[in-house]
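[1] Model the structure of this input:
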Amino acid sequence: MGDARSRFARSVGVYAELVRVPNLFTAPPDVLLGAALAAATGTGVTLGGVAGLAFASMLLYAAGTTLNDAFDADVDAVERPERPIPSGRVSRRTGYALGAALLVAGVAVAGVAAGVVGGIVAVSVAGGIVLYDGVLKGGVAGFAAMGAVRGLNVLLGTTAGESPTPSLAAAGVALAVAAYIAAVTFMASGETESGGRRSVLVAGSGAVAAGAVLLVRLAVARPRPLDGAASLVLGVGFLAWTGRALGRAYRNPVPETIGPAVGTCVLALVVLDAAFAATVDAAWSLVILLFLVPAVGLERWFSVT
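    Numbering: from 1, shown residues only. So this is what the prediction gives:
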């Protein structure tokens, strides 16, 4: 019995490593942000719909990381041999099968939670994941595709509302999130190499640009004073958190600093989501920030890159 439990615990740990379990908790905040922006237009959103879409986003994220490692198995055998597939703890065939199953499950859950429109946006997210993992990775189109997936994840949240189309504000915020993640993906593409100061600057520019869009959003939305103050504090926190990690990577651009900077930028997306959501109501941002607890806590045991 003891050996069986030990094997089961090891298997859970391996698959948690494969899906980058800390990162899974960065996906629902995108959806919550989208739902907040939908609610700001006066359209109603249901708790069940938002929860279902948030769960769908986690399934889609897990699919993306799993398929990423399956497609990259040969490269990872040289650059990241400790990962589950190149180390032989998970077969490449299992990676493809599990990734495909998670994609289908994510689309199905989104369809149940938000109907045809939710399903269509989820299919778009799934398509972006497959394109990035299998075809576009490593080039400008790949960085844009990864960014688009995150932007679409925000729009997935808007499908919890009654309107079939996102508002102009939601589209603008989704574009800012997409540009930020595209810049971080550019930096991540060279995280196993030294000397990548240019990629660190690009990621930093993406963070600053997202902060600038937040200021525009505050000027246009004119939130209540408490909500506006919360949004500003969170925006400053986002820039300070990412800036500290990016500063270390810029001063010493080696894998030991660039990799953690990528991880920080991914986790900090939760704070950026919360900052934008506070322009609607700070209550949304508080719920979003709760997802940082498991994400940061699990980062101690599992890689986020």
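
[2] L239 contacts V208, doesn't it?
    Yes: using Cβ atoms under 8 Å, L239 is in contact with V208, at 7.2 Å. For every residue, glycine as well, the C-beta is placed using N, CA and C.

[3] T279: neighbour count?
    30 (other Cβ atoms under 10 Å).

[4] Contact partners for it?
    214, 217-218, 221, 223, 227-228, 231 (Cβ atoms under 8 Å, 6 or more residues apart in numbering).

[5] Inside helices: which ones of those residues?
    Residues of the contacts of T279 located in helices (DSSP state H): 214, 217-218, 221, 227-228, 231.

[6] Mind putting those residues into JSON lines with neighbour count?
    Shown next, in JSON lines, are the ones in helices among the contacts of T279 (neighbours: other Cβ atoms under 10 Å):
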{"residue": "L214", "neighbour count": "24"}
{"residue": "R217", "neighbour count": "21"}
{"residue": "L218", "neighbour count": "19"}
{"residue": "A221", "neighbour count": "16"}
{"residue": "D227", "neighbour count": "21"}
{"residue": "G228", "neighbour count": "17"}
{"residue": "S231", "neighbour count": "25"}
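
[7] Now the two most distant members of these.
    L214 and D227 (12.8 Å; Cβ to Cβ).

[8] Tell me the one among the contacts of T279 nearest to P253.
    Nearest to P253 among the contacts of T279, with distances taken as Cβ to Cβ, is L214, at 27.4 Å.

[9] so where's the protein shaky on pLDDT?
    1-2, 192-195, 305 (pLDDT under 70).

[10] Export only the CA atoms of stretch 163-170, formatted as PDB.
    C-alpha atoms of stretch 163-170 as PDB (Å, rounded to 0.1, in the frame of the first residue of the first chain):
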ATOM      1  CA  SER A 163     -23.900  40.600 -25.300                       C
ATOM      2  CA  PRO A 164     -22.500  38.400 -28.000                       C
ATOM      3  CA  THR A 165     -19.700  41.000 -28.900                       C
ATOM      4  CA  PRO A 166     -17.100  42.500 -26.500                       C
ATOM      5  CA  SER A 167     -17.100  46.200 -25.800                       C
ATOM      6  CA  LEU A 168     -14.500  48.500 -27.200                       C
ATOM      7  CA  ALA A 169     -12.900  48.800 -23.700                       C
ATOM      8  CA  ALA A 170     -12.700  45.000 -23.400                       C
END
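
[11] Now do that stretch: distance to the chain's middle.
    Mean-position distance between stretch 163-170 and its chain equals 21 Å (Cα atoms, centre = their mean, to the nearest Å).

[12] So which residues make contact with it?
    Residues outside stretch 163-170 that contact it (Cβ under 8 Å, 6+ apart): 34, 37-38, 40-41, 43, 117, 154-155, 158, 174, 217, 220-221.

[13] make it 6 Å
    Here stretch 163-170 makes contact (Cβ atoms under 6 Å, 6 or more residues apart in numbering) with 37, 41, 43, 117, 155, 158.

[14] Write the ChimeraX selection for whichever of those are buried.
    Restricted to buried positions by 16 or more other Cβ atoms under 10 Å, the ChimeraX selection for the contacts of stretch 163-170 reads:
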select :37,41,117,155,158
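
[15] what are the ranges of the helices in the stretch 1-150 of the chain?
    2-18, 21-24, 27-39, 47-71, 73-79, 92-131, 140-158 (DSSP state H, counting those that start in this stretch).

[16] Who are the packing partners of the third one?
    Packed against helix 27-39, as judged by 3 or more Cβ pairs under 6 Å, 6 or more residues apart in numbering; DSSP states H and E, are the following elements: helix 47-71, helix 140-158, helix 255-278, helix 282-290.
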